[in-house]
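1. Compute the structure for the input listed below.
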Amino acid sequence: MMPNRETWLGALVDALRPTFASIGYPLPERIRVSCGWPSRSALSGKSKRIGEAWSHRCSADGAHETFLSPVLADPIDIGAVLVHELVHHAVGVECGHKGKFRTCAVAVGLAGPMRATSAGEALRGRLHALAEGLGPYPHAALNGGEGRKKQSTRMLKVTCADCGCIARMTRQWLVDVGAPTCGCGGTMAEGGGK
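-> Model (predicted):
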């Protein structure tokens, strides 16, 4: 059994190198893979990004960096996302999801829309065999939304009936102290406004 996720992921990269070389897209020598939140992750709620490849130009030591979301735990799913990110490294991150990226992705066995690929049947079989050889992926899925404190207070809008000035305050303040007086001398109340 592998001692940690990064070792397991690194071994999977090494096992996939011959596949990329055989289709004419050899992988760069120095690729680091980590389990961690991509820059725009499912945790933020703004993106469903589950993997991210960073150019060697971004790394202080020139390594190609890859991040795989900790929401994934199935070794085949992890492998499919890793293969997608490795395609970025093989063709150059600057290629995006068109041209050489598409050519390499299809050749290596990825299917579906290029921005959100999945493993085709042959690649799934290859990933399954590789995962069996590596042993269990030493990770449990992390639910980024669970256990996080939800915001319980919202700032409420109070508006001056005379001039339309708007301010924000907590419900607790409105209940305990009441609405403030506006700078114009008018009375402020929750909501409303001109």
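2. contacts and neighbour counts: CA atoms only from here.
-> Fine.
3. Can I get the helix or strand bottoming out on mean pLDDT in the chain in PDB, CA atoms only?
-> Least confident helix or strand of the chain, by mean pLDDT, DSSP states H and E, is helix 171-176 with a mean of 86. Output of helix 171-176 as PDB, limited to C-alpha atoms (Å, rounded to 0.1, in the frame of the first residue of the first chain):
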ATOM      1  CA  ARG A 171     -31.400  42.100  12.800                       C
ATOM      2  CA  GLN A 172     -30.100  41.800  16.400                       C
ATOM      3  CA  TRP A 173     -29.200  45.600  16.300                       C
ATOM      4  CA  LEU A 174     -32.700  46.500  15.000                       C
ATOM      5  CA  VAL A 175     -34.400  44.400  17.700                       C
ATOM      6  CA  ASP A 176     -32.200  45.500  20.600                       C
END
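4. Show me the contact partners of that helix.
-> The contact list for helix 171-176 (C-alpha atoms under 8 Å, 6 or more residues apart in numbering) reads 153, 154, 155, 156, 179.
5. And those residues, which of them are buried?
-> Among the contacts of helix 171-176, those classed as buried by 16 or more other C-alpha atoms under 10 Å are residue 179.
6. any chance of the contacts of helix 171-176 in CSV, with distance to residue 75 and secondary structure too?
-> Converted to CSV, these look like this (distance: C-alpha to C-alpha, whole Å; DSSP: H, G, I helix; E, B strand; the rest coil):
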residue, distance to residue 75, secondary structure
153, 40, coil
154, 41, coil
155, 44, coil
156, 46, strand
179, 56, coil
